[in-house]
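Novice: A predicted structure for the sequence below; I have some questions about it.
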Amino acid sequence: MRGKSWRPGRQTPKVQNGKVQKKHRWDYYFKEYGAPEGQTEIMIVREPAIRRFRHVVSETDLRKFISIVPDWKRYSIGLKALVLGDGDDDCLGWHDEGVICIHAWDSDIQITWHQEFFDEHETILETLMVPTEHTEDGMLCSFTLETARAFLLTHVFLHELGHHYDRMQTKAKEYSPGGESFAEEFSNRLADEMWPDYCRAFDL
């Protein structure tokens, strides 16, 4: 944890040696990309993917997705920026002080997850019809570009939106008291509600 407002998006899902996570803060993005202080419109930042990663979600995809999120206007209060991150071995997404990030995906598309992380998301993988198999290292999940995009948007992004919304309901707006359980329930409920619209919008 890096201060009260820091909440990593997920536990480490992939079977790789971890690296220290970078600290992301919304003031960095506003300073880096020239957004004026006090800006009310949510900006979208796309970082170039680092080596071994590729973007499976575009800015157009993200705008299309938020257009079908139920009650987006309410849930997005306080959001300053949406980031298509450069890729990270240790997390798929994060939120921090008005910023939500979903990271670039592994270039291999098919990824191996720890058993615990897989178990937590088995239902989602079944919905997306992602083929899986046991290996010595964990569970091999054979994503496609389409299903990787769907996982990032309908689960990781909504999970981080849940953390953000939870934080914005507090008086101090400094941390998310509901933690992972609130964000997970929020994500699952909203994903179920909007799944038919997602399939129509993204031809899944």
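Specialist: Arrived safely.

Novice: what about the spatially closest residue to His114 that is not a sequence neighbour, how many residues close to it?
Specialist: Nearest residue to His114 in three dimensions, chain neighbours excluded: Gly138, at 5.2 Å (C-beta to C-beta, 6 or more residues apart in numbering). C-beta here means a position set from N, CA and C on the backbone, and glycine is covered the same way. Using other C-beta atoms under 10 Å, Gly138 is surrounded by 18 other residues.

Novice: How much space separates Gly138 from Ala150?
Specialist: Here the criterion is C-beta to C-beta, to the nearest Å. By it, Gly138 lies 21 Å from Ala150.

Novice: All the strands of the protein, residue numbers only.
Specialist: Shown for the chain, the strands assigned by DSSP state E span residues 7-8, 43-46, 53-54, 81-85, 93-96, 99-103, 105-106, 111-113, 132-134, 139-141.

Novice: coming back round to it: return the residues in contact with the residue nearest to His114.
Specialist: Contacts were defined as C-beta atoms under 8 Å, 6 or more residues apart in numbering; by that measure Gly138 touches 15, 112-115, 118.

Novice: Throw those into a markdown table and include neighbour count and pLDDT, thanks.
Specialist: Below are the contacts of Gly138 laid out as a markdown table (neighbours: other C-beta atoms under 10 Å; pLDDT from 0 to 100):
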| residue | neighbour count | pLDDT |
| --- | --- | --- |
| Val15 | 17 | 42 |
| Thr112 | 20 | 92 |
| Trp113 | 21 | 91 |
| His114 | 16 | 90 |
| Gln115 | 12 | 90 |
| Phe118 | 18 | 92 |
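
Novice: I figured Pro131 hits Met139, correct?
Specialist: No: counting by C-beta atoms under 8 Å, Pro131 sits too far from Met139 to count as a contact (10.7 Å).

Novice: between these two, who's got more neighbours?
Specialist: Neighbours per residue (other C-beta under 10 Å) separate Pro131 from Met139, with Met139 holding more: 22 against 12.

Novice: tell me the residue furthest from the middle of the chain?
Specialist: With distances taken as C-alpha atoms, centre = their mean, the residue sitting farthest from the centre of the chain turns out to be Glu136, at 27.4 Å.

Novice: Just give me the neighbour total for the nearest residue to Arg46 once chain neighbours are set aside.
Specialist: Spatial nearest neighbour of Arg46, excluding adjacent residues (C-beta to C-beta, 6+ apart): Leu84 at 4.3 Å. Here the count is done by other C-beta under 10 Å, and Leu84 has 22 residues near it.

Novice: Gln169 too?
Specialist: By the criterion of other C-beta under 10 Å, Gln169 has 12 neighbours.

Novice: what about stretch 142-150, average pLDDT?
Specialist: The pLDDT scores in stretch 142-150 average 97.

Novice: Next: stretch 163-176.
Specialist: According to the model, stretch 163-176 has a mean pLDDT of 87.

Novice: For it, which residues meet the burial criterion?
Specialist: Buried residues in stretch 163-176, counting neighbours by 16 or more other C-beta atoms under 10 Å, are found at 163-168, 175-176.

Novice: swap in stretch 101-113?
Specialist: Per 16+ other C-beta under 10 Å, stretch 101-113 contains these buried residues: 101-106, 111-113.
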